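**Student:** Sequence plus predicted model, see below.
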Amino acid sequence: MLQKIYDWVDERMDITPLWRDIADHEVPEHVNPAHHFSAFVYCFGGLTFFVTVIQVLSGMFLTMYYVPDIENAWESVYYLQKEVAHGQIVRGMHHWGASLVIVMLFLHTLRVFFQGAYKKPRELNWIVGVLLFFVMLGLGFTGYLLPWDNKAYFATQVGLEIAAATPFIGDQIRTLLAGDPSIVGAQTLTRFFAIHVFFLPAALFGLMGAHFIMIRKQGISGPL
Amino acid sequence: MSDKKQVSRRQFLNYSLTGVGGFMAAGMLAPMVRFAIDPVLKPSAAGKFKAVAEESELTNEPKRFTWKINQKDGWYESEVEKSAWVYKNENGEIVALSPICTHLGCTVDWGSNEEYPNEFYCPCHGGRYKKNGVNIPNTPPTAPLPLYEHKVEEGMLYLGQAKSRGSGV
Ligand code: HEM
Ligand code: FES
């Protein structure tokens, strides 16, 4: 049945080369942990992607209950965690995943660094990777405010002061992020929400696309 | 073609399409960017003076006073509590200090650390300030505590905006 549907589409659209291009290629021996166990270090990039997929999916579902309003944000998080079936799991996925994704990203970066895999011709992909790292930190920073509890509030207070320490334009950056020169409040929460669920994920997808296209184009770096 | 400077049909079309496209992109982006940066360009609201305490309550020891202001945060209006550490110095001048640590914005306390009884102490990273609010070198803060504008009318102390005192020691 499935084969028939596939053939029907393929006959009209010729989709086989499309997915072959993306998925049908050999894993070189030196990156396959089945051959050399130490090759597990090559998994961290894929694990980062895996956790990112969890973040995106669990985040999308969280927004079904979450509201970025200072009167209701905390209550909505409390409700989705305590009252909604499996809410604790969905929020837990997003909560713990947010830390795990940074850990995986860091391990992946260490592997690339210590193997010298960033060298010519892969310099551009290193740069894209660094941008991905900043976007990920931005997601962590903006997401942390959203539950609107005391920890969230003061962490953001401190983070904004750090941003305000930028030479010359520090105060402007702070206001741009917080939505107000001195208050961390209603406008901060809506801004952080918008940045967290729309702006940064958009940047994330663009950069990930570039990252993966470059990997396919250049292949994985050779054995040490 | 005879004249080297002449623009080919292809170039002409390229230029005009780039121009039109750029114009359309700018027309779309300009309102959105202005929308996003509005908070930075809004003039800051001037602070009003508020009655905080009777002048007779002030001593040489910094005391914490609180008062309420009506705060407008975009569409959200609320009453919030402000606080200041106020005392009279040797010359009888009133000193009203903001309790917001100039390191990363925690709240400082007077004499709360037993090791530094006559200083303002910040619990977050151990920031310290002298009684006059000047930060103590080799602790995290890099500037003195801001001073509130103040005035005394009919025995009442009024406080206005906290003004930062620039970089300290
Ligand atoms: C890799 C990407 C992401 C990271 C690192 C991240 C990080 C975070 C963090 C640290 C929190 C605070 C969680 C907590 O304290 O429980 C949070 C909350 C939230 N995030 Fe994300 N996030 C990511 C992607 C997304 C996406 C794509 C969406 C939606 C489309 C989303 C929607 C939300 C929502 C609605 C909340 C508030 C609910 C809550 O606090 O439990 N996130 N995020
Ligand atoms: S915030 Fe006060 S010492 Fe860091």
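**Tutor:** Done, it's in. Ligands and ions are numbered 1, 2, ... in the order given.

**Student:** Ramachandran coordinates for residue A:181?
**Tutor:** phi -60, psi -30 (degrees, to the nearest 10).

**Student:** what's the burial count for it?
**Tutor:** 15 (other CB atoms under 10 Å in any protein chain shown). C-beta coordinates here come from the backbone N, C-alpha and C atoms, glycine included.

**Student:** Let me see the ranges of the helices in chain A.
**Tutor:** A:2-13, A:16-23, A:43-62, A:73-82, A:87-114, A:123-145, A:150-164, A:170-178, A:186-194, A:200-218 (DSSP state H).

**Student:** Equivalent analysis for chain B, please.
**Tutor:** Going by DSSP H, chain B shows helices at B:9-36, B:38-41.

**Student:** Figure out which of those helices is closest to chain A.
**Tutor:** helix B:38-41 (4.8 Å; CB to the nearest CB).

**Student:** pLDDT on the closest one, on average?
**Tutor:** The average pLDDT for helix B:38-41 rounds to 95.

**Student:** any idea how far residue B:128 lies from ligand 1?
**Tutor:** Distance of residue B:128 to ligand 1, computed by CB to the nearest ligand atom, to the nearest Å: 32 Å.

**Student:** Quick check, pLDDT for that residue.
**Tutor:** So, for residue B:128, pLDDT stands at 97.

**Student:** Give me the distance between the nearest residue to residue A:79 once chain neighbours are set aside and residue A:84.
**Tutor:** Nearest residue to residue A:79, sequence neighbours excluded (CB to CB, 6 or more residues apart in numbering or on different chains): residue A:65, at 6.6 Å. Here the criterion is CB to CB, to the nearest Å. By it, residue A:65 lies 6 Å from residue A:84.

**Student:** who touches both of the two?
**Tutor:** Overlap of the contact sets of residue A:65 and residue A:84 (by CB atoms under 8 Å, 6 or more residues apart in numbering or on different chains) is empty.

**Student:** Could you pull up the mean pLDDT of the strand of greatest length in chain B?
**Tutor:** Secondary structure of chain B per DSSP state E: the longest strand is strand B:76-88. Regarding strand B:76-88, the rounded mean pLDDT is 95.

**Student:** Return the distance of that strand from the chain's centre.
**Tutor:** 14 Å (CA atoms, centre = their mean, to the nearest Å).

**Student:** before we move on, what about stretch A:193-204?
**Tutor:** With CA atoms, centre = their mean, you get 10 Å for stretch A:193-204.

**Student:** Contacts for that stretch next, please.
**Tutor:** A:52, A:56, A:59, A:63, A:68, A:132, A:135-136, A:138-139, A:142-143, A:146.

**Student:** ok, what's across the strand from residue B:85?
**Tutor:** Beta bridges link residue B:85 to residue B:64, residue B:97 when assigned by DSSP bridges.

**Student:** That one and residue B:63 touch, don't they?
**Tutor:** Yes: at 7.1 Å, residue B:85 counts as touching residue B:63 under the criterion of CB atoms under 8 Å.
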